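Asker: Sequence and predicted model, in that order:
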Amino acid sequence: MASKVMINNVMTEMMSDAEIIAEFKQRGSWGLYMNVDLKDCDPASIRDPEMIRRFIIELCDLIDMKRFGEPQIIHFGPNERVAGFSMTQLIETSLVSGHFANETNAAYLDVFSCKEYEPSRAAEFCKSFFGAQSAKYQVLFRD
């Protein structure tokens, strides 16, 4: 899976999850942010709100984040190019969000937390859950 980490506004080669968590703690960062782009997802999985709800719950459990309230899952889009479900899930340490694009069978997911988590593990889970043929992710430290 292709991935990059942003350190001091410079994209670097991927670090291991352990290295990312160590850097996060050493820097005293405010938050850890990851975006995941999934391509060629299983069409049925990204068009099913109950599947998306299950994804949110399982992802939060995997990265040990406590959900705050119920997930919001809404289908909308002003045109076919961007139409699909969007979702948000508040977590006690920030937010999980994403959008699923029907026309291209793509998913664009974000995890932001002031508590550390394992980005590559989370990204692999996202790819597997939605049956994506390809995935890339980036990690940023929010200082």
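Answerer: Alright, I've got the coordinates.
Asker: Give me the contact list for the helix or strand I52 falls within.
Answerer: In the assignment (DSSP states H and E), I52 maps to helix 49-62. With contact meaning C-beta atoms under 8 Å, 6 or more residues apart in numbering, helix 49-62 is reached by 44-46, 66-67, 71, 73, 75, 85, 87, 89, 91, 96, 100, 111, 121-122, 125-126, 129-130. Every residue, glycine included, has its C-beta placed from N, CA and C.
Asker: Next SSE downstream of that helix?
Answerer: strand 72-76.
Asker: and that next one, what's its mean pLDDT?
Answerer: Averaging pLDDT along strand 72-76 yields 96.
Asker: And for stretch 126-139?
Answerer: pLDDT averaged over stretch 126-139 gives 96.
Asker: isn't there a helix covering N35?
Answerer: No - going by DSSP: H, G, I helix; E, B strand; the rest coil, the assignment for N35 is strand, not a helix.
Asker: is it true that it touches P119?
Answerer: No - using C-beta atoms under 8 Å, N35 is not in contact with P119, being 9.9 Å away.
Asker: So for the two, which sits in the more crowded spot?
Answerer: A count of neighbours by other C-beta atoms under 10 Å puts P119 above the other of N35 and P119, at 27 against 18.
Asker: And the more buried one, how far from K25?
Answerer: P119 sits 14 Å away from K25, going by C-beta to C-beta, to the nearest Å.
Asker: Likewise for M65?
Answerer: M65 is 17 Å from K25, by C-beta to C-beta.
Asker: Which one of the two is surrounded by more residues?
Answerer: Of the pair M65 and K25, M65 is the one with more neighbours under other C-beta under 10 Å, namely 22 against 10.
Asker: Can you tell me which of the contacts of helix 49-62 end up in helices?
Answerer: Under the assignment DSSP state H, those contribute 44-46, 121-122, 125-126, 129 to helices.
Asker: Looking at those residues, which two lie furthest apart in space?
Answerer: The distance between the two most remote of the ones in helices among the contacts of helix 49-62 (C-beta to C-beta) is 24.7 Å, for A44 and R121.
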